[in-house]
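*Asks:* Could you look at this predicted model? Sequence included:
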Amino acid sequence: MAKIRFYRNSDREALIDLLVACERFHQTPLPPKKQLRKVLRKLPPGVEILVAEDKKTLIGFASIGTLFPALAGKPQLYLKEIFIAPGHRGKSLGSQFFNVLIKLAAKRDCTRIDWSTHIENLPAQKFYKKLGATKTTNIFYSLQGKSLKSARHKSG
């Protein structure tokens, strides 16, 4: 059984491999490893990473942040990304991650945990439904690439 724990700098190279595998899964451009090393050396404010380790090998990760405000003027946990290496899916690792997230949310007095998934990721949606999660009516927006540059110029 894998152990879920917080990321340590000694995990950097193994986590980089998982981040690259995650981008391949999403069919997005692969980030330069040099860039990933730089960010992982000192995570941006508010970013935390949980890793799944089995026999001293990283086999998954979850990137999270605690946001404020949520319901009743309390914080919420936001799951930005969860990724499990292909050879380790279907072995309850997702459930292990969510058990840790649920305990962490309780410890931080969070009123909710939010995340999103791709509309075509039906296995993930089935898993989330089994957890008891409900789809929200929120629509997520994104500024990226050219639209982000354009918005920067417009804002001065």
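*Replies:* Sure, I can see it. Residues are numbered from 1 along each chain as shown.
*Asks:* Please, which helix or strand holds the nearest residue to residue 113 once chain neighbours are set aside?
*Replies:* Closest residue in space to residue 113, ignoring its immediate chain neighbours: residue 77 at 4.5 Å, by C-beta to C-beta, 6 or more residues apart in numbering. Backbone N, C-alpha and C define where each C-beta goes, glycine included. Taking DSSP states H and E as the criterion, residue 77 maps to strand 76-84.
*Asks:* Other residues contacting stretch 83-97?
*Replies:* Outside stretch 83-97, the residues that touch it by C-beta atoms under 8 Å, 6 or more residues apart in numbering are 1-2, 4, 18-19, 21-22, 25, 50, 52, 54, 59-62, 82, 127, 131.
*Asks:* can you pull out the strands in this protein?
*Replies:* Secondary structure of the chain (DSSP state E): strands at 3-6, 48-54, 57-67, 76-84, 113-115.
*Asks:* Skipping adjacent residues, who's closest to the residue nearest to the spatial centre of the chain in space?
*Replies:* Centroid-nearest residue in the chain, with C-alpha atoms, centre = their mean: residue 81, separated by 2.1 Å. In this structure, residue 81 finds its nearest non-sequential neighbour in residue 63, 4.5 Å apart by C-beta to C-beta, 6+ apart.
*Asks:* thought that neighbour was touching residue 49?
*Replies:* Yes: because the distance of 5.3 Å satisfies C-beta atoms under 8 Å, residue 63 is recorded as touching residue 49.
*Asks:* just the CA coordinates of the strand holding residue 77, formatted as PDB?
*Replies:* Extracted in PDB, the C-alpha atoms of strand 76-84 (Å, rounded to 0.1, in the frame of the first residue of the first chain):
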ATOM      1  CA  GLN A  76     -11.700  25.800   1.500                       C
ATOM      2  CA  LEU A  77      -9.200  23.200   0.000                       C
ATOM      3  CA  TYR A  78      -8.700  23.400  -3.800                       C
ATOM      4  CA  LEU A  79      -7.300  20.400  -5.600                       C
ATOM      5  CA  LYS A  80      -5.600  21.700  -8.700                       C
ATOM      6  CA  GLU A  81      -4.300  18.400 -10.000                       C
ATOM      7  CA  ILE A  82      -4.300  14.800  -9.100                       C
ATOM      8  CA  PHE A  83      -2.300  12.300 -11.100                       C
ATOM      9  CA  ILE A  84      -1.600   8.600 -10.700                       C
END
